[in-house]
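[1] Need a 3D model of the sequence below.
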Amino acid sequence: MVAPAEAEQLSDREWTGVLAVARAEQLMGSLACRLSGLSLPGRVASILAEARATALEGRRQALWEAEVARRALVGIAEPLILLKGTAFVAAGLDAGQGRSIGDLDILVPRQALNRVEDALLAHGWMWVKPDPYDDEYYRRWMHELPPLIHPERDRMIDVHHTILPLTARISPDAGKLIEDAVPLGGGFAMLSPEDMVVHAALHLLADGDLSGGLRNLWDIDRLLREFGEAEDSFWLKLAARAAEHGADQPVARAARLSHALFATPVPDPWRRQTALDRIFVRRLLARDGWGRSTRRATRLAFYVRSHWMRMPPALLARHLWIKWRRGGPGPA
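    From the prediction side, this is the model:
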């Protein structure tokens, strides 16, 4: 990913590892776009061509799903603020090139949640999690409504009112996220460049166990490169914005990890690695040459960390006890 031309020198065995890890990390489309035009073995070229076609179809579906949601929310959430992969492709950002896109993620004002929910249900979306405890948990503590799915298109939508659970130790300013959103035209908007990086960093480091972390870190690399090259003052603005959201530490770590793994050009003060950073790198690279998960102890430690960061101890203990008794995982 860092030096595409070197791909022409890979052996068959090395290609097996590269493709297996890329598939496991949902980076096949990004890799395929990155290596487009190179002279590659026929089998590899065929696999990557298929990945590019799949990514293109995923892009089409994601944009259509955004348009359907926009129509459903006319007069309620205008412009409709897109998040994550759909925002990347709608804005034509480098991070959207070949990006694997799952759910449609949108951001709306918290005071509009009831009207947004009613409108989506009226337009055919349905609840994914009918369990009363899960429903109450999402509504009371999470940063989004319980997930909805449209059965005809089999596509899910995550309606966010902020970008971290309300129980998390960091509390981003949702009002500023919405106030400073950048219009895209056609009734859509995206977060400001600085907020987009803050969101990506928090999604990677403060809202999970780093599962799928390489894809998220690749997003960060692409965003930092594009925004940093477009504006000389970007890094100063990013530092200031991260501090406003109380997210300066995860944003700085995300930049360091991106520089370490993807050679992202970051200013010198953002490059000083810590001993803890090496543990994060170990977790991000916890796969073998067949794409299988490795380093079980490290993965378990980050799983525990993810819950610890998202909930205070008493709430965490209660939540895990209830979910254990019911035999199911907690809300994602």
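[2] now the helices for this protein?
    12-24, 28-34, 42-72, 84-90, 113-122, 132-141, 174-179, 193-205, 213-230, 234-244, 248-262, 275-284, 296-310, 313-326 (DSSP state H).
[3] got the ones you listed as JSON lines, with mean neighbour count, mean pLDDT and distance to Arg155 columns?
    The C-beta positions use only the backbone N, C-alpha and C, and glycine is treated the same way. Formatted as JSON lines, the helices of the chain follow (neighbours: other Cβ atoms under 10 Å; pLDDT from 0 to 100; distance: least, Cβ to Cβ, whole Å):
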{"stretch": "helix 12-24", "mean neighbour count": "16", "mean pLDDT": "95", "distance to Arg155": "22"}
{"stretch": "helix 28-34", "mean neighbour count": "23", "mean pLDDT": "97", "distance to Arg155": "18"}
{"stretch": "helix 42-72", "mean neighbour count": "17", "mean pLDDT": "97", "distance to Arg155": "5"}
{"stretch": "helix 84-90", "mean neighbour count": "25", "mean pLDDT": "98", "distance to Arg155": "11"}
{"stretch": "helix 113-122", "mean neighbour count": "16", "mean pLDDT": "96", "distance to Arg155": "12"}
{"stretch": "helix 132-141", "mean neighbour count": "15", "mean pLDDT": "81", "distance to Arg155": "19"}
{"stretch": "helix 174-179", "mean neighbour count": "16", "mean pLDDT": "98", "distance to Arg155": "24"}
{"stretch": "helix 193-205", "mean neighbour count": "26", "mean pLDDT": "97", "distance to Arg155": "20"}
{"stretch": "helix 213-230", "mean neighbour count": "21", "mean pLDDT": "97", "distance to Arg155": "19"}
{"stretch": "helix 234-244", "mean neighbour count": "17", "mean pLDDT": "98", "distance to Arg155": "31"}
{"stretch": "helix 248-262", "mean neighbour count": "21", "mean pLDDT": "97", "distance to Arg155": "28"}
{"stretch": "helix 275-284", "mean neighbour count": "15", "mean pLDDT": "95", "distance to Arg155": "29"}
{"stretch": "helix 296-310", "mean neighbour count": "15", "mean pLDDT": "84", "distance to Arg155": "26"}
{"stretch": "helix 313-326", "mean neighbour count": "12", "mean pLDDT": "62", "distance to Arg155": "27"}
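[4] Between these, which one is closest to Ile163.
    When those are compared by Cβ to Cβ, helix 193-205 sits nearest Ile163, at 5.0 Å.
[5] Extract the C-alpha trace of that closest one and format it as PDB.
    What follows is helix 193-205, C-alpha atoms only, in PDB (Å, rounded to 0.1, in the frame of the first residue of the first chain):
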ATOM      1  CA  PRO A 193     -11.900  18.100   7.300                       C
ATOM      2  CA  GLU A 194     -10.600  18.500  10.900                       C
ATOM      3  CA  ASP A 195     -13.800  16.900  12.300                       C
ATOM      4  CA  MET A 196     -13.500  14.100   9.800                       C
ATOM      5  CA  VAL A 197     -10.100  13.200  11.000                       C
ATOM      6  CA  VAL A 198     -11.200  13.500  14.600                       C
ATOM      7  CA  HIS A 199     -14.100  11.100  13.900                       C
ATOM      8  CA  ALA A 200     -11.800   8.600  12.200                       C
ATOM      9  CA  ALA A 201      -9.300   8.700  15.000                       C
ATOM     10  CA  LEU A 202     -12.000   8.200  17.700                       C
ATOM     11  CA  HIS A 203     -13.600   5.400  15.700                       C
ATOM     12  CA  LEU A 204     -10.300   3.600  15.500                       C
ATOM     13  CA  LEU A 205      -9.000   4.200  19.100                       C
END
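[6] Show me what that helix is packed up against.
    In terms of contacts (3 or more Cβ pairs under 8 Å, 6 or more residues apart in numbering; DSSP states H and E), helix 193-205 is packed against helix 84-90, helix 174-179, helix 213-230, helix 234-244, helix 248-262.
[7] got the CA coordinates for the second one in PDB?
    Put plainly, it is helix 174-179. The C-alpha trace of helix 174-179 is given here as PDB (Å, rounded to 0.1, in the frame of the first residue of the first chain):
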ATOM      1  CA  ALA A 174     -21.900  17.300  18.600                       C
ATOM      2  CA  GLY A 175     -23.200  20.800  18.100                       C
ATOM      3  CA  LYS A 176     -19.900  21.900  16.600                       C
ATOM      4  CA  LEU A 177     -19.700  18.900  14.400                       C
ATOM      5  CA  ILE A 178     -23.100  19.800  12.900                       C
ATOM      6  CA  GLU A 179     -22.600  23.500  12.800                       C
END
